[in-house]
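Engineer: Would you be able to build a 3D model of this:
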Amino acid sequence: GRYLAYVWRRSRQLAVAVEDELDAEMVCERVQPIQYTTDCKAQSFDGVVLVSWTVQLPQGLRCLQEPLQEYQKVDSALCEEVNLLKVPGLPGDRLVFACTGPVNRDYDDVRRFSDAAINGIKRALKAGMKRPLLVCPPHSDYKESPLVAVMGALHALYVPLEVREAAVTQRAHKAEMLGVWVSTEEQGKRIIQLATALESGRLVCRDIGGSDPERMAAPRVAEYVQEVFKDSPVEVSVVSDVEKLEKEYPCLAAVNRCAHGVERHQARVIQLQYCGEGPVHSTLLLVGKGITYDTGGADIKAGGMMAGMHRDKCGSAAVAGFFQVLAELKPKNLKVLGAMAMVRNSVGADCYVSDELLCSRAGLRVRVGNTDAEGRMVMADLLCEMKEKAASEVAPELFTIATLTGHAIRAMGPNYSIIMDNGPAHRAGNARQWQQAGDVLGDVFEVSTVRREDYEFHRGRSEYEELLQSNNLPSSATPRGHQTPAAFLTMASGLHKHGVDSDAPLCYSHIDIAGSSGPFPGVPTGAPILAMATRYIFPHL
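Structural biologist: Numbers count the residues shown, from 1 in each chain. Okay, here's the model as predicted:
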């Protein structure tokens, strides 16, 4: 019996070692290979995927226009669905036409191009293409439409981390190569550089945000992040000591209390830093919600509402993804500090409960009202720490990014991130600038406003507490359910002392990505990485 036990333990140790080695290999894989060409008949590809709003194409693409016009004579629905045509002379003698539909109406936006590219690439894969050539002629109203189409294609070609790890003997990509047609060499180099960098960030975000609660439990997220940024311009440090967590981040530690009893679920605070070349002109301080699994805690998610809650870490995943884009593009004159709050909201004998009084890092007494409002708890103390750091930084801007409320989906619907400014950020026009940046690549935003009622909602109800963490209703059943948490975070972190009436105002914006992070079942979108890169990285290139 002892011998069998030894054999089992030894085999388990070897299995873990192999798994860890494979994890490192998979983490280091790059994104889907991409190359550009100025020849839409290049025979190194095995099919063409055309994304366009019309069959009237530029001079260099007339070889695609003529067969489409002939086909349209017998099928007036050509522009209503994805079509596959046999066209001798083209790569692989195949042409997939994915029409965007109209793009000039009041309600159209650049997402028409990414949506069409996703559908076109999926059809190409079904047809057996291994080296599709994506062709998207530029549109005068959408400067970045070719890049947007490439990003759509790359979204369709993403392979989930668990699939990559399970299929170690197979290709790690759905296609051998994604070709991109461009009109000039200069355009081709730019698109490949940006698309590769942006997709590498989204890959990191999807790997962390989309993987199951065991594969991306907090300690394994830390290992993944450390591996990703090894030998890169991004510095990584990890806080795991429970005594330090309790001292520095008491609200986060309360949520971690139950999970800490299970070693593989114990919390991690992952801190990231990037500093570009040259003098710093602006500093971003990012805090991401990283709930590896949200049971709801003592206020448990009942009635089938728990499924999909491994996605509650997409805020932290987006922070890591943004740092990956920084590592690839290396923008100058920009400094970025990040904090990933990786915690599991478990339920058990030692879980935190409603009615508890906690003292935040900012020194405020907080009454717990609902353990399922754990996201604001794990971010509040980290936001306070970022506030402290901001005092010595150049032109600081603070952000929290989180899949925080169901109310965000109810208010704005799926697919949209929501951004809310405090007073100084509002005066700087920050939310509107994010919204405009999101429109460029189709990472779209709605703007909400934090009002006086939101602050009143979280003020203590008795002399015991200064702040009430939440009511005991779901956010979706609470009026202003996505705005009030921004007010709580502002007060619990002490940022309310740095508003427009302060001698030391600080710009702070809260971003709720509950609607935009992606469907479940399905693949995470990587929001809001594209908007962040457009807003803060592109101007520094």
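Engineer: buried sites along stretch 48-64?
Structural biologist: Neighbour-count burial for stretch 48-64 flags Val48, Val49, Leu50, Val51, Ser52, Trp53, Val55, Leu57, Leu61, Leu64 (criterion: 16 or more other Cβ atoms under 10 Å). Heads up, the C-betas are built off the backbone N, CA and C, glycines and all.
Engineer: Could you check how far the fourth one is from Thr478?
Structural biologist: The reference is to Val51. 42 Å (Cβ to Cβ, to the nearest Å).
Engineer: swap in the fifth one?
Structural biologist: As judged by Cβ to Cβ, Ser52 and Thr478 stand 45 Å apart.
Engineer: same question, the second one
Structural biologist: In this view, Val49 and Thr478 are 45 Å apart by Cβ to Cβ.
Engineer: How many residues are close by the residue nearest to Ala428 when sequence neighbours are not counted?
Structural biologist: Using Cβ to Cβ, 6 or more residues apart in numbering and skipping the chain neighbours, the partner closest in space to Ala428 is Cys507 (5.7 Å). Residues near Cys507, counting by other Cβ atoms under 10 Å, number 22.
Engineer: Looking at Cys507 now. What's its pLDDT?
Structural biologist: Predicted confidence (pLDDT) at Cys507: the value is 98.
Engineer: Check whether it really touches Ala425, as I assumed.
Structural biologist: Yes. Using Cβ atoms under 8 Å, Cys507 is in contact with Ala425, at 4.0 Å.
Engineer: picking up where we left off before, quick one: which of the buried residues of stretch 48-64 is nearest Gly406?
Structural biologist: The nearest member of the buried residues of stretch 48-64 to Gly406, counting by Cβ to Cβ, is Val51 at 33.9 Å.
Engineer: Relative to the helix or strand where the closest one lies, what are the paired strands and their orientations?
Structural biologist: Using DSSP states H and E, Val51 sits within strand 47-52. When pairing is defined by DSSP bridges, strand 47-52 lines up against strand 94-99 (parallel), strand 132-135 (parallel).
Engineer: Please identify the deepest-packed of those strands.
Structural biologist: When the strands paired with strand 47-52 are scored by mean count of other Cβ atoms under 10 Å, the highest mean neighbour count falls to strand 132-135 (a mean of 28).
Engineer: What is the next helix or strand after that strand packed up against?
Structural biologist: Using DSSP H and E, the next helix or strand after strand 132-135 towards the C-terminus is helix 145-157. On a contact count with 3 or more Cβ pairs under 8 Å, 6 or more residues apart in numbering; DSSP states H and E, helix 145-157 meets strand 47-52, helix 111-126, strand 132-135, strand 178-181, helix 185-210, helix 430-441.
Engineer: The longest one packs against which elements?
Structural biologist: The one in question is helix 185-210. Using 3+ Cβ pairs under 8 Å, 6+ apart, helix 185-210 sits against strand 34-37, helix 145-157, helix 161-166, strand 178-181, helix 218-228, helix 314-329, helix 529-532.
Engineer: And for the fourth one, what's in contact with it?
Structural biologist: Contacts of strand 178-181 from elsewhere in the structure, counted by Cβ atoms under 8 Å, 6 or more residues apart in numbering, are 32-40, 42, 44-45, 121, 131-136, 146, 150, 153-154, 157, 188, 191-192, 195.
Engineer: If any of those are buried, give me the ChimeraX selection for them.
Structural biologist: Entered in ChimeraX, the line below selects the buried ones among the contacts of strand 178-181, by 16+ other Cβ under 10 Å:
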select :32,34,36,37,40,42,45,121,131,132,133,134,135,136,146,150,153,154,157,188,191,192,195
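Engineer: Can you work out which residues contact both of Cys507 and Ala425?
Structural biologist: Glu397.
Engineer: dump the residue contacts of the nearest residue to Val262 once chain neighbours are set aside.
Structural biologist: Sequence neighbours aside, Ser346 is the residue nearest to Val262 in space, at 7.4 Å (criterion: Cβ to Cβ, 6+ apart). Residues near Ser346 by Cβ under 8 Å, 6+ apart: Cys258, Ala259, Val262, His265, Tyr293, Thr295, Gly297.
Engineer: Looking at the fifth one now. What's its pLDDT?
Structural biologist: Pointing back at Tyr293 there. For Tyr293, the pLDDT comes out at 98.
Engineer: With the first one instead?
Structural biologist: Residue-level confidence at Cys258 comes out at 98, pLDDT.
Engineer: that older thread, top of the contacts of Ser346 by number of neighbours, please.
Structural biologist: Greatest neighbour count in the contacts of Ser346, by other Cβ under 10 Å, goes to Gly297: 28 neighbours.
Engineer: isn't that residue right up against Gly348?
Structural biologist: No. Between Gly297 and Gly348 there is no contact under Cβ under 8 Å: 9.2 Å.
Engineer: re the thing from before, any chance of the strands paired with strand 47-52 in CSV, with distance to Arg432 too?
Structural biologist: Formatted as CSV, the strands paired with strand 47-52 follow (distance: least, Cβ to Cβ, whole Å):
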stretch, distance to Arg432
strand 94-99, 32
strand 132-135, 32
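Engineer: between these, which one is nearest to Leu495?
Structural biologist: Leu495 lies closest, by Cβ to Cβ, to one member of the strands paired with strand 47-52: strand 132-135, at 44.4 Å.
Engineer: which residues touch that closest one?
Structural biologist: Identification of contacts with strand 132-135 by Cβ under 8 Å, 6+ apart yields 37, 40, 42, 45-52, 61, 64, 91, 96, 117, 120-121, 124-125, 149-150, 153, 175, 178-181.
Engineer: That strand: how far from the chain's middle?
Structural biologist: Here the centre of mass of C-alpha atoms in strand 132-135, compared against the chain's by Cα atoms, centre = their mean, to the nearest Å, lies 26 Å away.
Engineer: mind checking how far the residue nearest to Ala428 is from Glu388?
Structural biologist: Separation of Cys507 from Glu388 (Cβ to Cβ): 16 Å.
Engineer: ok, Gly429 to Ala487 distance?
Structural biologist: 21 Å.
Engineer: higher neighbour count, the two?
Structural biologist: Set Gly429 next to Ala487 and count neighbours by other Cβ under 10 Å: Ala487 wins out with 26 against 11.
Engineer: What score does the more buried one have for pLDDT?
Structural biologist: So, for Ala487, pLDDT stands at 98.
Engineer: any chance you could map the helices in the stretch 351-500 of the chain?
Structural biologist: Secondary structure of the stretch 351-500 of the chain by DSSP state H, counting those that start in this stretch: the helices cover 374-390, 406-412, 423-427, 430-441, 452-457, 484-492.
Engineer: Leu198 contacts Ile529, correct?
Structural biologist: Yes. Assessed by Cβ under 8 Å, Leu198 is found in contact with Ile529 at 7.0 Å.
Engineer: any common contacting residues for those two?
Structural biologist: In contact with both Leu198 and Ile529: Val325, using Cβ under 8 Å, 6+ apart.
Engineer: any low-confidence regions in this structure?
Structural biologist: Across the chain, residues meeting the criterion (pLDDT under 70) sit at 1-29, 168-170.
Engineer: let's see it at 80
Structural biologist: 1-30, 167-171 (pLDDT under 80).
Engineer: Look up phi and psi at the residue nearest to Val262.
Structural biologist: Main-chain dihedrals, Ser346, degrees, to the nearest 10: phi -90, psi 170.
Engineer: now the one 4 residues further on
Structural biologist: For Asp350, the backbone dihedrals (degrees, to the nearest 10) come out as phi -110, psi 20.
Engineer: From Ala253, how far off is it?
Structural biologist: Asp350 is 12 Å from Ala253, by Cβ to Cβ.
Engineer: neighbour count winner among those two?
Structural biologist: Using other Cβ under 10 Å as the criterion, Asp350 and Ala253 rank with Ala253 on top: 23 against 11.
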